[in-house]
Each structure stands twice: as structure tokens, then as C-alpha cells.
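*Asks:* Take a look and give me a structure for this.
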Amino acid sequence: MSPDDLTAAADRLYAVVVADDSPTMRRIVGGVLERAGFAVTLAEDGVEAVQAVFGTQPDVVVLDVQMPRVSGYVAARVLKDDWQTADVPVLFLTSLGAASDRYWGDRAGADKFLTKDFEAPELVDAVRASITEAAQGRGDRERLKPDPLQLTDDDVLARVCDLLDRKLFEASVTQDITTIAADVHGYEETVAAVLGALANIVDCDLVGMLLLEAPGTEQAAYVSVAREVTQQQYVEFVQGLAEAAEQASGRSIDALALDPRVADPRGLLGSLDPDVVDPSTGLATFLSMPLRAGGTLLGVLALSSGTANAFGESALTTLRLVASPAAVVVDHARLAGARADSLAP
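*Replies:* Numbers count the residues shown, from 1 in each chain. Here you go, the predicted model:
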């Protein structure tokens, strides 16, 4: 699909939601787009914008930024966060034109950004381009539109609160991991701090890291014991680490030769009462994630549990969230240690 194909007659097939708290701007923007052949739905604020997009499944949404109840930035984040509306192009139309505004618009999921000193043809071209680019991103296939969903004001605000809670959680987790680089000194101390932080965030029995290049050795494994586990569970966990690292790197890794460094201050490893649990009981759940920093594979990060299906989508999301900053922090500690060694007399 090319812009030339979107003639006025064809435009009548496309729907646009326009949200602005100014009646004048709604009238101007809506009028320009209607005259260009678009079907326009108007909304007075961010809450109504979200309701209109879920309720009509438009081809584009044009959002003002500064709106009551829910801003355009927040409305865009809510829309981009849900699979039903994530692929609806978002065009910000605002009086805010600073670089910081454009940056935050991009972070909120904006596909295009126009200021309110626009000319009518510029707005129409931007909407048409949004439709064209979205179609190209789908390989020119027709967009699959879910059934319209009617949301109440409370439904929208609940989605906003849920989104903000998750973003705050993600920011807090990332901050806790990256702060380790400033608060902890030494390579192995840094690794132990990262594993300890992850054990505090996700319910697990064992958490570990296998690094393909550690100071003084080619490969090194580190394990933190979070709960009571059998010796068999520990052995299988180390084997799982080695297998995950092999799969990620393509290298051959001998689990028996790893000799992991184990953090077990409470003596939980092998502490399960054999009268309560069979000491040969193995792992029931194992979850791993590659560790990459600057495009380089450092190793793998893993969690395990003796309980079947212990890790849901939230655990996987958290592991993904932790993996990137953890890799950077550990790699920073590794490079700092290497520099210190090279400067030692």
C-alpha cells in the first residue's frame, strides 16, 4: 500500500479517534479529517480516548497530550500495553514541541508527533502515512480487529493503575540491580548480590548464574540457596545451568567440572528431612535466561523449584527484566577486576 493509493474515496474506509479537551481543536481536527474522507470519533479526554479505541477499533488515534483525568501519554501507554489495541497507530497532536516531549512521546509508543501549528494537508498526510506504515509493518495484510470492548471509566482507570504499578515495579527492580554496581565491590560479591536480589523478588528454591568468562577461569558457576532443597535438586540445578549455557553458547560445558561457588548462609542445602521428602526428589521447575551485555553473551541466569509449574508469566517477565541490568552489572565488575589485576605490581 502506498500513500497514493489512499485516495479520498478509499479514506472513507478508515476510522480515526481524535481526543482533545479543547472543543475548538476537536472541531478543527475532526473537520479536517472528515473532509478528507475519514470516519471520525471524538473524545474529550484520555479516558474517553481509551474507551473509543477499544469500542471502535479505529485505524489511527490522534491524541492531545495535556488532557484531564488521563493524559495523552498515559492513554497511549494503556493502548500499547494491550494486545487488542497495541497495533493501532498513535499520532500525538500537541502544543508541546520540545525534544523532551518528543522523547517521552516515543517512550509512550507514539508513531508520529505533530505540533498544533499544523497545516490541514500535513495532518491528513500524517494520518495516511500512519495507516500505510502500519499496513507495511503487517506485510500489507488486513489488520485483525478484535470485537469491540465497552469499558467504563472505572475499567480504564483500573488499567491505568495496573500499568503504573507494573512500571513502578519494573523501575524498582532495575534500580535495585543497578545500584549493586555502586554499593558492592568485588566480582564474586557482585554476583552474590545479584543472585540474592533475584531470590528476594521471585519465589524460588535455587537461583544461579553460569558465566562463560570469569576472572581467572574460563567458566564459573554461582548458586544461591533460597529455600530448603535436597542434594539431588542442587545437582540437577547445576546440570540445568550447564545445559542452558551450552544451548545459548554452542560450547561444550562439563557440569561435573564446574565446582560452583555456593551461597548458603542458613545451611539449607540438603537440609530437607528425609522422613518428610524423598532426598532423591529432583527439580520440578527450571527456568533460565541468557545474560548479554553489549551484544556479548556472558552466560545464563536460572531459577529452580521443587514444585511443579512454580513459575508463571510474572516470574518469566521478572527474569527478563533482571537479565539485562544484571548482565551489565556483572560485566562491569568483571572488567573492573581485570583492570585491577593488570595494574597490580
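*Asks:* Verify the stated contact: Leu198 with Leu291.
*Replies:* No. Leu198 sits out of contact with Leu291 when judged by CB atoms under 8 Å, with a separation of 11.8 Å. Quick note: C-beta positions are derived from backbone N, CA and C, even for glycine.
*Asks:* tell me, what's touching those two both at once?
*Replies:* Leu301, Ala326 (CB atoms under 8 Å, 6 or more residues apart in numbering).
*Asks:* Give me the neighbour count for Asp45.
*Replies:* Neighbourhood size, Asp45 [other CB atoms under 10 Å]: 19.
*Asks:* Check Leu283 too.
*Replies:* Counted with other CB under 10 Å, residues neighbouring Leu283 total 23.
*Asks:* Identify the residues contacting the closest residue to it other than its chain neighbours.
*Replies:* Spatial nearest neighbour of Leu283, chain neighbours left out: Glu236 (4.6 Å); criterion: CB to CB, 6 or more residues apart in numbering. By CB under 8 Å, 6+ apart, Glu236 lies in contact with Gly282, Leu283, Phe286, Ser304.
*Asks:* after the helix or strand hosting Glu236, next one along is what?
*Replies:* Secondary structure from DSSP states H and E places Glu236 in helix 231-249. Counting by DSSP H and E, the next helix or strand C-terminal to helix 231-249 is strand 261-263.
*Asks:* Remind me what that next one packs against, helices and strands.
*Replies:* Here strand 261-263 touches helix 187-201, strand 220-225, going by 3 or more CB pairs under 8 Å, 6 or more residues apart in numbering; DSSP states H and E.
*Asks:* re earlier: what's the angle from the helix holding Glu236 to strand 220-225?
*Replies:* With axes from the mean of the first three to the mean of the last three CA atoms, to 10 degrees defining the directions, helix 231-249 sits at 140 degrees from strand 220-225.
*Asks:* quick one: the helices in the stretch 1-150 of the chain?
*Replies:* 8-11, 23-35, 46-56, 72-81, 99-108, 120-137 (DSSP state H, counting those that start in this stretch).
*Asks:* Break this structure down into its structural domains.
*Replies:* According to automatic domain parsing, the chain comprises the domains 3-151, 172-343.
*Asks:* how about those domains, which one is nearest Leu163?
*Replies:* domain 3-151 (5.5 Å; CB to CB).
*Asks:* Export the contacts of Glu236 to a markdown table and append columns for distance to Glu170, pLDDT and secondary structure.
*Replies:* As requested, the contacts of Glu236 are exported to a markdown table (distance: CB to CB, whole Å; pLDDT from 0 to 100; DSSP: H, G, I helix; E, B strand; the rest coil):
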| residue | distance to Glu170 | pLDDT | secondary structure |
| --- | --- | --- | --- |
| Gly282 | 33 | 72 | coil |
| Leu283 | 28 | 77 | coil |
| Phe286 | 24 | 93 | strand |
| Ser304 | 23 | 92 | strand |
